[in-house]
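Asker: Curious how this folds, go ahead:
(one chain, ligands or ions: 1)
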Amino acid sequence: MTSPPLNAQVAILCGGLGTRLGALTASVPKPLLPVGDMPFLDHLLFEVARFGFRDILLLAHFQSEAVQRFAEISSARAAFDLNLRVCIEPQRAGTGGALYHAQNLLADEFILMNGDTWLGANYHALLAHRAATNTVAAMALREVAEPDRYNVVDFDGRLIRNFRRSRVSTETGFINGGVAACSAKIFQYLSPKGSLEDEVWPILAEQGLLAGLSTPGFFLDIGIPAAFESAQIDIPAQHRRGAVFFDRDGVLNADHGHVGTVDRLEWLKDAERAVRLANDANRYAFVVTNQAGVAKGYYTEGDVNALHAHMQAHLNANGAHIDAFRYCPYHVDGTVAEYARESDHRKPKPGMILDLLQKWQVDPMQSVLIGDKDSDLAAAEAAGIRGAKFEGGSLYEFLRAVI
Ligand SMILES: [Mg+2]
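Answerer: Now for the predicted structure:
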């Protein structure tokens, strides 16, 4: 695997006029319309932030002052300490032009997405698919039942062979889902004014440089009046999902006893695929791990955090991610004074799970903890979620049977 795109950015197209919504968007750009209790764009930012992205670029033109004001007060920015910047097109440049004018602000790899649509997508899977296919971009594709209303693409399961294949048909077809992983090579195909849909994607497809990834997640375009109505309920509801709580040692990696540093990490069979399965199934993925090695002086909290960052990067390169890691450094028999105590976060106590249930919008009924010890299952039970004991083999197959 190539090194992970740790510094990958997200660029969000915010320049659309929103004419279909009439008076609603006369003075407010579509992405800033209120949905539930916050601007729609904040919902998107909370979603990309949980994948680990912190560097976000908003591409604006229409009402760009409002976008700039939003960037200062965004609640997602505050919650995740996002680096949220605004790039303003000098003239109305179209989607391709908007990206062209932002090229000096973008890294070698980035996710490009529409600011007025929600698509439940696995962003790391898109980045990994682009890298694996050695293409310029990998686009999330939605399979729709009435493709005659849209522009169907020719998709061979890996690459998009023809971006625009207009047809009238009653079969299902794949269409652009509005999210793509891009390499900086895309800038060679852009001009100061132009459309990605009309000019860039068709050429990339023709040259075999546009990959596709079937993405069955929830989709909603707030630019359609009826959809904007239903978005008020449906979009806030997207943040609430079931979770897979992974114990770490003996589940994701071999339990060699007090694994606290990267050199002692040995991934177990299909662990990466299992985490990706949780991601693709629209579940939160958490790690909850006892790390008494800190209390016993074998390694430090800094070591644990470095190990988890390494694990996250490895997972990202495999199209997977962990939404949050929780570890308990305490042990009553510890030799390091500040960690030598009881803790309600140490399994079999449920503190780590309860903490995650409180901080994230988790549906406990749709959640499960995978652990290799009875103390894991006891912690799950005490937290009111299901537990499943993993006893070796493929973690992927195990999880598939469990969820
Ligand atoms: Mg374990």
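
Asker: Now do the same contact list for the residue sitting nearest the centre point of the chain.
Answerer: The chain has Phe51 as the residue nearest its centroid, 3.6 Å off, counting by CA atoms, centre = their mean. Contacts for Phe51 (CB atoms under 8 Å, 6 or more residues apart in numbering) come out as 123-124, 321. (Each C-beta comes from the backbone N, C-alpha and C, glycine too.)

Asker: Go again with 10 Å.
Answerer: Phe51 is in contact with 8, 10, 111, 121-124, 127, 279, 316, 321, 323, counting by CB atoms under 10 Å, 6 or more residues apart in numbering.

Asker: Show me what from the stretch 101-250 of the chain comes close to the ion.
Answerer: Along the stretch 101-250 of the chain, the residues adjacent to the ion under the rule CB under 5 Å from the ion are 247, 249-250.

Asker: at 8 Å instead, please
Answerer: The stretch 101-250 of the chain comes close to the ion at residues 247-250, as judged by CB under 8 Å from the ion.

Asker: hang on, isn't Gly15 packed against Pro90?
Answerer: No: the pair Gly15 / Pro90 is not scored as a contact, 11.9 Å apart, by CB atoms under 10 Å.

Asker: who's more crowded, the two?
Answerer: Using other CB atoms under 10 Å, the more surrounded residue of Gly15 and Pro90 is Gly15, with 26 against 10.

Asker: which residue sits closest to the residue in the chain that the ion sits nearest to, ignoring its sequence neighbours?
Answerer: Nearest residue of the chain to the ion: Gly250, at 3.5 Å (CB to the ion). Distance criterion CB to CB, 6 or more residues apart in numbering; nearest residue to Gly250, sequence neighbours excluded, is Asp372 at 3.6 Å.

Asker: so who does that neighbour touch?
Answerer: Counting by CB under 10 Å, 6+ apart, Asp372 touches 247-251, 255, 268, 389-392.

Asker: and those residues, which are buried?
Answerer: 247-251, 268, 389-390 (16 or more other CB atoms under 10 Å).

Asker: Adding pLDDT as columns, could you present those in JSON lines?
Answerer: Shown next, in JSON lines, are these (pLDDT from 0 to 100):
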{"residue": "Asp247", "pLDDT": "98"}
{"residue": "Arg248", "pLDDT": "98"}
{"residue": "Asp249", "pLDDT": "98"}
{"residue": "Gly250", "pLDDT": "98"}
{"residue": "Val251", "pLDDT": "98"}
{"residue": "Leu268", "pLDDT": "98"}
{"residue": "Lys389", "pLDDT": "98"}
{"residue": "Phe390", "pLDDT": "98"}
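
Asker: what would these look like in TSV with distance to Leu24?
Answerer: Putting those into TSV (distance: CB to CB, whole Å) gives the following:
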residue	distance to Leu24
Asp247	48
Arg248	47
Asp249	52
Gly250	53
Val251	48
Leu268	51
Lys389	52
Phe390	50
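
Asker: Tell me the one of the residues you listed nearest Met352?
Answerer: Asp247 (10.2 Å; CB to CB).

Asker: Hmm, Leu268 and the closest one touching each other?
Answerer: No: counting by CB under 10 Å, Asp247 does not reach Leu268; the two are 11.3 Å apart.

Asker: intersection of neighbour lists for the two?
Answerer: Shared contacts of Asp247 and Leu268, counting by CB under 10 Å, 6+ apart, come down to 255, 372, 390.

Asker: Give me the common contacts of Gly15 and Pro90.
Answerer: 61, 97.

Asker: which residues touch stretch 291-298?
Answerer: 248-249, 257-261, 299-304, 307-308, 326-341, 343, 346.

Asker: picking up where we left off before, which pLDDT value goes with the residue nearest to Gly250?
Answerer: Note on Asp372: pLDDT of 98.

Asker: Repeat that for the one 4 residues further on.
Answerer: In the predicted model, Asp376 carries a pLDDT score of 98.

Asker: wait, what's in contact with it?
Answerer: 245-247, 250-251, 288-290, 347-348, 353, 369-370, 387-390.

Asker: Over to Val287?
Answerer: Val287 makes contacts with 244-248, 251-252, 275, 308, 311-312, 322-327, 352, 356, as judged by CB under 10 Å, 6+ apart.

Asker: Can you show me the helices along the stretch 51-200 of the chain?
Answerer: 64-73, 75-80, 94-100, 123-133 (DSSP state H, counting those that start in this stretch).

Asker: Mind putting the residues of the stretch 101-250 of the chain next to the ion into JSON lines with secondary structure and distance to Gly22?
Answerer: Putting those into JSON lines (DSSP: H, G, I helix; E, B strand; the rest coil; distance: CB to CB, whole Å) gives the following:
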{"residue": "Asp247", "secondary structure": "coil", "distance to Gly22": "53"}
{"residue": "Arg248", "secondary structure": "coil", "distance to Gly22": "52"}
{"residue": "Asp249", "secondary structure": "strand", "distance to Gly22": "57"}
{"residue": "Gly250", "secondary structure": "coil", "distance to Gly22": "58"}
